[in-house]
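In: I'd like to go over a predicted model; first the sequence, then the structure.
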Amino acid sequence: MTHPDSPAEALPCSARGCRTPARWALRWNNPRLHRPERRKTWLACDTHRPSLGDFLNARGFLREVAPMGESPTLDEWTRTTKGWPREREE
């Protein structure tokens, strides 16, 4: 059995139906619902990074895009975390 934090169990892209390991963290918030400092995170593979980013940006929600290893919202985030894989609330 593989440990849930191993590279073989990488977090998948948040695009519907995509199971490709994510390489990007798209950090966003809805200013009508969230405090300005709050961030939610969608994960994206290289293929879906543009479309997920465009979706969030068109609504004025996208705040930043960071490589997975540089996203503070993904610290201690694994397959066993509640809410996996879609998003994590801070």
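Out: Happy to help now that I have it. Residues are numbered from 1 along each chain as shown.

In: span of stretch 21-34 from start to end?
Out: Counting by C-alpha to C-alpha, to the nearest Å, you get 28 Å between the two ends of stretch 21-34.

In: got the buried residues for it?
Out: 21, 22, 23, 24, 25, 26, 27, 28, 29 (16 or more other C-beta atoms under 10 Å). Any C-beta I mention is one placed from the backbone N, CA and C, and that applies to glycine too.

In: which residues in the protein form strands?
Out: 24-28, 40-44, 62-67 (DSSP state E).

In: possible to save the buried residues of stretch 21-34 as CSV with distance to residue 37?
Out: Below are those laid out as CSV (distance: C-beta to C-beta, whole Å):
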residue, distance to residue 37
21, 29
22, 23
23, 25
24, 21
25, 16
26, 17
27, 11
28, 13
29, 8
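
In: closest one to residue 39 out of those residues, please.
Out: The closest of the buried residues of stretch 21-34 to residue 39 turns out to be residue 27 (C-beta to C-beta; 4.5 Å).

In: so how far is residue 35 from the closest one?
Out: To residue 35, residue 27 is 14 Å away according to C-beta to C-beta, to the nearest Å.

In: circling back to that earlier point, out of the strands of the chain, flag the one nearest residue 12.
Out: strand 40-44 (7.0 Å).

In: model confidence over the closest one, on average?
Out: Across strand 40-44, the average pLDDT comes to 95.

In: now for it, which elements pack on it?
Out: Contacts defined by 3 or more C-beta pairs under 8 Å, 6 or more residues apart in numbering; DSSP states H and E place strand 40-44 against strand 24-28, helix 49-58.

In: quick one: residue 16 from residue 36, how far?
Out: Taking C-beta to C-beta, one finds residue 16 at 28 Å from residue 36.

In: quick one: buried residues of stretch 41-53?
Out: For stretch 41-53, by 16+ other C-beta under 10 Å, it's 41, 42, 43, 44, 45, 48, 49, 52, 53.
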